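# Turn this into a structure:
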Amino acid sequence: MNATHLLANFTGFILEEQTELTLDDLCRACAAQTDLIVELVNEGALSPQGDQPDQWHFTGVHLQRARVALRLQNDLGVNLAGAALALELLDELDTLRARVQMLEVTGR
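Residues are numbered from 1 along each chain as shown. Got it, this is the predicted structure:
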């Protein structure tokens, strides 16, 4: 199998913060029921733009967060409140890692 053949069979999407997804789009992308995504919003794990669920807009970052939360729930049996807490802790860990890296670069 050559590289051209491998690339011809590879399809995907790159989602960024600028990508806008509706609630239905996010549910399809996560293979999740609407009520689970609404619960993630209620728990503070996701913070979409818009006032009502039919007006919500999510980004690629929300998609990644939702997938992590749903995997925690499905694979480890973590409830959605626990998944929201885990996401918050992962965010803090990323922030601390970035601060340490900045300190290492500046030599302080």
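
# List phi and psi for residue 49.
phi -80, psi 140 (degrees, to the nearest 10).

# thought it was touching residue 41?
No. With contacts counted by C-beta atoms under 8 Å, residue 49 stays clear of residue 41, the gap being 11.3 Å. C-beta: built from backbone N, CA, C; applies to glycine.

# who has more neighbours, these two?
Neighbour comparison, residue 49 and residue 41: the larger count goes to residue 41, with 18 against 11 (by other C-beta atoms under 10 Å).

# For the residue nearest to that one when sequence neighbours are not counted, the count of nearby residues, please.
Nearest in space to residue 41, with sequence neighbours left out and distances taken as C-beta to C-beta, 6 or more residues apart in numbering, is residue 48 at 6.4 Å. Residue 48 has 20 neighbouring residues, counting by other C-beta under 10 Å.

# Residue 65 now?
Look at residue 65: counted by other C-beta under 10 Å, it has 21 neighbours.

# hang on, the earlier thing: which neighbours do residue 49 and residue 41 share?
Both residue 49 and residue 41 are contacted by residue 56, under the criterion C-beta atoms under 8 Å, 6 or more residues apart in numbering.

# Please point out which parts of stretch 35-54 sit buried.
Residues of stretch 35-54 classed as buried: 37, 39-41, 43, 45-46, 48 (neighbour count, 16 or more other C-beta atoms under 10 Å).

# Contacts for it next, please.
Outside stretch 35-54, the residues that touch it by C-beta under 8 Å, 6+ apart are 23, 26-27, 30, 34, 56-58, 62, 65-66, 69-70, 73, 80-81, 83-84, 87-88.

# Can you list the residue ranges for helices in the protein?
3-8, 23-30, 34-43, 60-76, 80-106 (DSSP state H).

# picking up where we left off before, out of the buried residues of stretch 35-54, which is nearest to residue 96?
For the buried residues of stretch 35-54, the minimum distance to residue 96 (C-beta to C-beta) is 19.7 Å, reached by residue 45.

# Kind regards, and thank you for your time.
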